[in-house]
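# this one's sequence-less:
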């Protein structure tokens, strides 16, 4: 299956792309997708926090829905899904 990954803000520089198409086996989970993307210590540190959880400074959306609301790292992926990765931005 093929998943489109969009990188926003500084993640474009980190992953050297605005978007990528990633091939994964059927039944893959978000954790596997991120593991294949994070092929350097710098990338891994930007995406994962302590104990291999998502960093609190990152937002990941699957088809427009935050993954925290749809299974987190164990969210199932399907062919054609669109994953967006961007930094958490706060303000007021």
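Thanks, I have it. Values in this document were obtained by computation on a predicted structure and should not be read as measured data. Numbering: from 1, shown residues only.

# Let me know the helix or strand that the residue lying closest to residue 61 once chain neighbours are set aside is in.
For residue 61, the nearest residue in space outside its immediate sequence neighbours is residue 84; the separation is 4.5 Å by C-beta to C-beta, 6 or more residues apart in numbering. To be clear about C-beta, it is placed using only N, CA and C from the backbone, and glycine gets the same treatment. Element membership of residue 84 [criterion: DSSP states H and E] is strand 82-87.

# Would you indicate which residues of that strand are buried?
Residues 83-86 are the ones in strand 82-87 that count as buried (16 or more other C-beta atoms under 10 Å).

# Same check on stretch 24-31?
Those buried within stretch 24-31 under the rule 16+ other C-beta under 10 Å are 24, 28-31.

# Next: stretch 55-71.
Going by neighbour count (16+ other C-beta under 10 Å), the buried part of stretch 55-71 is 55, 58-62, 67.

# Now do it: distance to the chain's middle.
How far stretch 55-71 lies from its chain's middle: 8 Å, per C-alpha atoms, centre = their mean, to the nearest Å.

# Can you give me the first-to-last residue distance of it?
The first and last residues of stretch 55-71 sit 15 Å apart, counting by C-alpha to C-alpha, to the nearest Å.
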